[in-house]
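Colleague: fold the stuff below for me.
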Amino acid sequence: MSKVMSLHDAIKTYVKSGDSICIGGFTTNRKPYAAVYEILRQGLGDFTGYSGPAGGDWDMLIGEGRVRNFINCYIANSGYTNVCRRFRHEVEKIGKMNLEDYSQDVVMYMLHASSLGLPFLPVKLMQGSDIVNKWGISKEVREKDPKLPNDKLIEIENPLVPGEKVIAVPVPRLDVAVIHVQKASINGTCSIEGDEFHDIDIAIAAKRCIVTCEELVTEEEIRKEPSKNSIPQFCVDAVVHVPFGAHPSQCYNYYDYDADFFKMYDAVTKTEEDFKAFLQEWVYNIKDNDEYIDKLGASRLTKLRVVPGFGYAAKLVKEAK
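Modeller: You can find the predicted model right below:
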């Protein structure tokens, strides 16, 4: 059964305000920006966000006030910001968003535990650090919000090793996952090239999963090389063909990240006024991904194409000085 939908319809059908949501990719790698733009256009928000290393995707949602709770390890457009500016502004100046901090390894393990259906996750990581001792979201706030676990963590005794202490952390209960992949079949089988990050885990864990892809193929075509497939079709609810759907981040073997775009985003997010103007120009005044691609232009996108064998957009011709 074909699961192919338009991006507008996929977001409208499977993303709801108030959801616990996780977005795939890693800082400037394979981030589903086209889907995030559509979430913004449709006015959805009040999210509880779980994220591994986040980037401009979450920064825009946070900057627009669409995130109620954010469970994260760090957020940056790697190489362009140490910490994403709208996120930092929210935490330092506004403070309306609830923020909880775990170490990166523990966040990734929590999402994996969610895919396994575990009730909680015992770890020894973070012990002896302020990540254990200091909570970003108080117990009182947690008990009033059904999307949050009552505790950040609990220290317990290892039942198999008497006297040894471990940290029990909660397991996320995700409503929706949004992922961008290189190739997907019309029925939802997905092939991820390069690092998979936490994408497979959240596709399995979430109640609903939206996949955007660079290439859309038949089920027969994608099964010619089954060892290259990463996500089974039964995990996916909607498939959307969105070429350059990860721009300005990179999509391994397809295109490099757009350095000029990230530099521009870093500059415009320094002030609220410039950030709002950026969103108006690049999100709200644009109907869909086709218009977004037209605005970027063929020449710009062609320069981002990966050179086979290099894995990035190599400049092979030495320019004369």
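
Colleague: okay, the top helix by length along the chain in PDB with CA atoms only?
Modeller: Secondary structure of the chain per DSSP state H: the longest helix is helix 104-116. In PDB, the C-alpha atoms belonging to helix 104-116 read as follows (Å, rounded to 0.1, in the frame of the first residue of the first chain):
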ATOM      1  CA  GLN A 104      24.800  13.000  24.700                       C
ATOM      2  CA  ASP A 105      25.400   9.300  25.200                       C
ATOM      3  CA  VAL A 106      22.600   9.000  27.700                       C
ATOM      4  CA  VAL A 107      20.100  10.800  25.400                       C
ATOM      5  CA  MET A 108      21.000   8.400  22.600                       C
ATOM      6  CA  TYR A 109      20.600   5.400  24.900                       C
ATOM      7  CA  MET A 110      17.300   6.700  26.100                       C
ATOM      8  CA  LEU A 111      16.000   6.800  22.500                       C
ATOM      9  CA  HIS A 112      17.300   3.300  21.900                       C
ATOM     10  CA  ALA A 113      15.600   2.100  25.000                       C
ATOM     11  CA  SER A 114      12.400   3.600  23.700                       C
ATOM     12  CA  SER A 115      12.700   1.600  20.500                       C
ATOM     13  CA  LEU A 116      13.100  -1.500  22.700                       C
END
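
Colleague: buried residues in it?
Modeller: 106-115 (16 or more other Cβ atoms under 10 Å). Bear in mind the C-beta positions are built from the backbone N, C-alpha and C, glycine included.

Colleague: the helices in the stretch 101-250 of the chain, which residues?
Modeller: 104-116, 130-133, 139-144, 199-205, 219-222 (DSSP state H, counting those that start in this stretch).

Colleague: need those helices in TSV (columns: mean pLDDT).
Modeller: Output for the helices of the stretch 101-250 of the chain, formatted as TSV (pLDDT from 0 to 100):
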stretch	mean pLDDT
helix 104-116	97
helix 130-133	95
helix 139-144	96
helix 199-205	98
helix 219-222	94
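
Colleague: dump these to a markdown table, plus distance to Gln42.
Modeller: As requested, the helices of the stretch 101-250 of the chain are exported to a markdown table (distance: least, Cβ to Cβ, whole Å):
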| stretch | distance to Gln42 |
| --- | --- |
| helix 104-116 | 25 |
| helix 130-133 | 35 |
| helix 139-144 | 27 |
| helix 199-205 | 21 |
| helix 219-222 | 29 |
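
Colleague: how close does the nearest residue to Gln42 once chain neighbours are set aside get to Tyr292?
Modeller: Leaving out its chain neighbours, the residue that sits closest to Gln42 by Cβ to Cβ, 6 or more residues apart in numbering is Ile11, at 5.8 Å. Note on Ile11: its distance to Tyr292, by Cβ to Cβ, to the nearest Å, is 15 Å.

Colleague: these two - which one has more neighbours?
Modeller: The neighbour comparison of Ile11 against Tyr292 (other Cβ atoms under 10 Å) goes to Ile11, with 26 against 19.

Colleague: where does pLDDT dip in this protein?
Modeller: 317, 319-321 (pLDDT under 70).

Colleague: strands along that one, start to end?
Modeller: With DSSP state E, the ranges of strands along the chain come out as 20-23, 47-50, 67-72, 98-101, 120-123, 154-157, 165-170, 176-185, 190-191, 208-217, 238-241.

Colleague: okay if I get those strands as JSON lines plus mean neighbour count and distance to Leu7?
Modeller: Compiled in JSON lines, the strands of the chain are given as follows (neighbours: other Cβ atoms under 10 Å; distance: least, Cβ to Cβ, whole Å):
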{"stretch": "strand 20-23", "mean neighbour count": "26", "distance to Leu7": "15"}
{"stretch": "strand 47-50", "mean neighbour count": "25", "distance to Leu7": "18"}
{"stretch": "strand 67-72", "mean neighbour count": "22", "distance to Leu7": "21"}
{"stretch": "strand 98-101", "mean neighbour count": "18", "distance to Leu7": "29"}
{"stretch": "strand 120-123", "mean neighbour count": "18", "distance to Leu7": "34"}
{"stretch": "strand 154-157", "mean neighbour count": "12", "distance to Leu7": "41"}
{"stretch": "strand 165-170", "mean neighbour count": "18", "distance to Leu7": "32"}
{"stretch": "strand 176-185", "mean neighbour count": "27", "distance to Leu7": "11"}
{"stretch": "strand 190-191", "mean neighbour count": "23", "distance to Leu7": "16"}
{"stretch": "strand 208-217", "mean neighbour count": "23", "distance to Leu7": "7"}
{"stretch": "strand 238-241", "mean neighbour count": "23", "distance to Leu7": "5"}
